[in-house]
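J.: just to be clear, the model below is a prediction. Sequence and coordinates:
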Amino acid sequence: MSNDDSFQGTQVLAGALPFDRHQLLAWLHATLQPTQPLQGPLRIEQFKGGQSNPTYLIKTDNVQWVMRTKPAAASQLLPSAHAIEREFKVMRALQDTAVPVARMLAMCEDESVIGRAFYLMSFVPGRVFWAPELPGLVPAQRTQVFQSMNQVLADLHLVNLESVGLSDYGRAGNYFERQIARWSKQYLTSITEPIAEMDQLMQWLPLNMPELARDNRVSLVHGDYRLDNLIFDEETLQARAVLDWELSTLGHPLADLSYHCMAWHIAPEEFRGLGGLDLAALGIPSEQQYIQWYCDKTQLISPDQLEGDWHFFLAYNMFRMAAILQGIAKRIEAGTASSEQAQNAAKRARPLAQNAWRHAQVHSQLNGR
């Protein structure tokens, strides 16, 4: 059994469904019947991976769709959490761009149908990799996966916001300042056990923001761009779809890039990272090479410009991720987390915060503070 089998594929739901099957079927017939009549019984399975918004495979004899829902009791959670309406909007806007996404079919915000908002999208066949060292692939294949992932990130940050109707998808300017304030607030709302490093980071980050983080460049950012949020073609290993757009907004492209590059600074046992691995032997690019690829493709920045401030961006993103993981811990406490992996994810908040604080200290040393 591979180390990602517990995340892969779907599982048949034991016992009663968490929503009314007949209500859903009636809505499907009323909404999609004119374009794609359903044939045969409705079968529903739940995807194993992820712990935010429950996701289901909807099947009949002639269709396969994916349904993504808000969790039960979503109204009791953090106000900005589980924004599936935004997911639907951004993926629909990206349908005809270079960024690969599933095709959006329908959105239902009427909670009387199944007790929560949900949307339907096309099923994209392919492979999801949960371990960034890509066990089971040969070095040349690993290189291909990382090249494709890098290309998609570059394409995302080059999307013309006005032409796809996303110029109002978020606020422009002061992105890092607003994000630090947002995740500080959400961390404080989600505390189950205090983490000293988070308190230190909440003070340090606003006072040590480099000029590079203060410029007003704006792009569409995914917010959670990492290997396991992409579907790859089984044969070519090219990315076929980017998933989980819940945290997407208009923001600074370096926020996405540095979040994505956290993997090079995190040990595999800490949170699906690449730290300490023999990357050359695996066929995985170094962080420096990966950044160079991105810079060459986008022409948005040069590696030299990043050199002095890179540890700030890593500290910020590890802080942000620790706050997200702490939110998962709070959902476990409240009984609303949607997968068995949520508890393990929540335990990683503290070591990630400690890692973030180490990067903050390195940044201060490099900049004489």
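T.: Happy to help now that I have it.
J.: with adjacent residues omitted, what lies nearest to P41?
T.: T60 (6.9 Å; Cβ to Cβ, 6 or more residues apart in numbering). C-beta here means a position set from N, CA and C on the backbone, and glycine is covered the same way.
J.: that neighbour: what's it in contact with?
T.: Taking Cβ atoms under 8 Å, 6 or more residues apart in numbering, we find T60 in contact with L38, Q39, G40, P41, L42, R43.
J.: how does it look with 10 Å?
T.: L25, L28, Q36, P37, L38, Q39, G40, P41, L42, R43 (Cβ atoms under 10 Å, 6 or more residues apart in numbering).
J.: just the ones of these in helices?
T.: L25, L28 (DSSP state H).
J.: dump the contacts of T60 to CSV, plus neighbour count and distance to Y169.
T.: Shown next, in CSV, are the contacts of T60 (neighbours: other Cβ atoms under 10 Å; distance: Cβ to Cβ, whole Å):
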residue, neighbour count, distance to Y169
L25, 16, 33
L28, 23, 29
Q36, 13, 29
P37, 11, 35
L38, 16, 33
Q39, 9, 37
G40, 10, 39
P41, 10, 39
L42, 15, 34
R43, 13, 35
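J.: which members of the contacts of T60 are positioned in strands?
T.: Among those, the residues falling in strands (DSSP state E) are R43.
J.: burial count for the nearest residue to L279 once chain neighbours are set aside?
T.: Closest residue to L279 apart from its sequence neighbours, by Cβ to Cβ, 6+ apart: S286 at 5.8 Å. S286 has 12 neighbouring residues, counting by other Cβ atoms under 10 Å.
J.: for this structure, what spans make up the strands?
T.: 10-12, 43-47, 55-59, 64-69, 104-108, 118-122, 219-221, 230-232, 239-242, 249-251.
J.: and Q288, what's its pLDDT?
T.: Here the pLDDT value assigned to Q288 is 97.
J.: what about it, neighbour count?
T.: So Q288, with other Cβ under 10 Å, has 13 neighbours.
J.: hmm, W264 and it touching each other?
T.: Yes. Between Q288 and W264 there is a contact under Cβ atoms under 10 Å: 9.2 Å.
J.: tell me the spacing between G40 and L25.
T.: 12 Å (Cβ to Cβ, to the nearest Å).
J.: check V164 too.
T.: Counting by Cβ to Cβ - V164 and L25 are separated by 33 Å.
J.: then N160?
T.: Taken as Cβ to Cβ, the span from N160 to L25 is 40 Å.
J.: what do you get for L137?
T.: For L137, the distance to L25 - Cβ to Cβ - is 40 Å.
J.: verify the stated contact: A267 with E133.
T.: No. Assessed by Cβ under 10 Å, A267 is found out of contact with E133, at 11.2 Å.
J.: which non-adjacent residue is nearest the residue nearest to the spatial centre of the chain?
T.: Taking Cα atoms, centre = their mean, the centroid of the chain lies closest to D224, which sits 2.7 Å from it. Distance criterion Cβ to Cβ, 6+ apart; nearest residue to D224, sequence neighbours excluded, is L247 at 5.0 Å.
J.: for that neighbour, give its distance to R92.
T.: 17 Å.
J.: looking at those two, which is more packed in?
T.: L247 (20 against 17).
J.: surely that one meets R86?
T.: Yes. The pair formed by L247 and R86 meets the contact definition of Cβ under 10 Å, at 8.9 Å.
J.: for E197, see how far away W357 is.
T.: 4 Å.
J.: list residues touching both of those two?
T.: Contacts common to W357 and E197, judged by Cβ under 10 Å, 6+ apart, are W204, M318, F319, A322.
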